[in-house]
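Enquirer: starting from these lines, generate the structure:
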Amino acid sequence: MPNPDLTPLLRDRCSPRVFDPAHRLAEPDLRLLLEAARWAPSAGNSQPWAFLVGVRGDRTHREICQHLSRGNSGWVPRASAVLISVCRIASDPDDDAPAFSDYAQYDVGQAVANLTVQASALGLSVHQFAGFDHDAVTAAFGVPAHWKVTTGVAIGRVGDPTTTDIPERKPSDRKPLSEFVYAGQWGAAYDA
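Expert: Numbering: from 1, shown residues only. Next up, the predicted model:
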């Protein structure tokens, strides 16, 4: 059970597999989600992330859905929008390019976390996933070699589970703090 003192934006967050197929994500809301990602902290303000954005029914959404794993192909297409997060893994080949940051994967994770919290504030849900052909998506969208396709982000409103045979998962439990918060030495639980 989550700590009741957590902000509801985090406490009530879920990763649904049943999205409402009739919900349309309004353009201003999508732009606001991307703004939330844009304002995430990053090492040296390098902002080493990018997103491929597909809105259900458009060409980008259809292309992304062609490369989903079998386990994700039943539920991801119902999402109002599907984003693919991408992070810079090397410096740009141009001489005047910004230096590459070793923290790019950490930073893109923060950008997606910001987007996820903003989605909760809008009454939307986000389900992040990795089950897709990363190489095929890289090729289909011409992602340069100094960038790496990382994760998928399905966004929408939770749907009615009785309208589909896609099983919803039960809310996941979380490890107690004592299993991952240490002090003094590795494995010694931090005692707050």
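Enquirer: which strand runs longest in the chain?
Expert: strand 147-156 (DSSP state E).
Enquirer: send me that strand as PDB with only the CA atoms.
Expert: Output of strand 147-156 as PDB, limited to C-alpha atoms (Å, rounded to 0.1, in the frame of the first residue of the first chain):
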ATOM      1  CA  TRP A 147      21.000   8.300 -30.700                       C
ATOM      2  CA  LYS A 148      19.500   5.200 -29.100                       C
ATOM      3  CA  VAL A 149      15.800   4.200 -29.100                       C
ATOM      4  CA  THR A 150      15.000   3.400 -25.500                       C
ATOM      5  CA  THR A 151      11.400   2.900 -24.400                       C
ATOM      6  CA  GLY A 152       7.800   3.200 -25.500                       C
ATOM      7  CA  VAL A 153       5.300   5.400 -23.700                       C
ATOM      8  CA  ALA A 154       1.600   4.700 -24.100                       C
ATOM      9  CA  ILE A 155      -0.700   7.500 -23.000                       C
ATOM     10  CA  GLY A 156      -4.500   7.700 -22.700                       C
END
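Enquirer: name every strand pairing with that strand and say which way it goes.
Expert: strand 81-88 (antiparallel), strand 125-129 (antiparallel) (DSSP bridges).
Enquirer: the lengthiest helix in the chain vs strand 81-88, what angle?
Expert: As assigned by DSSP state H, the longest helix anywhere in the chain is helix 104-121. In terms of direction (axes from the mean of the first three to the mean of the last three CA atoms, to 10 degrees), helix 104-121 departs from strand 81-88 by 160 degrees.
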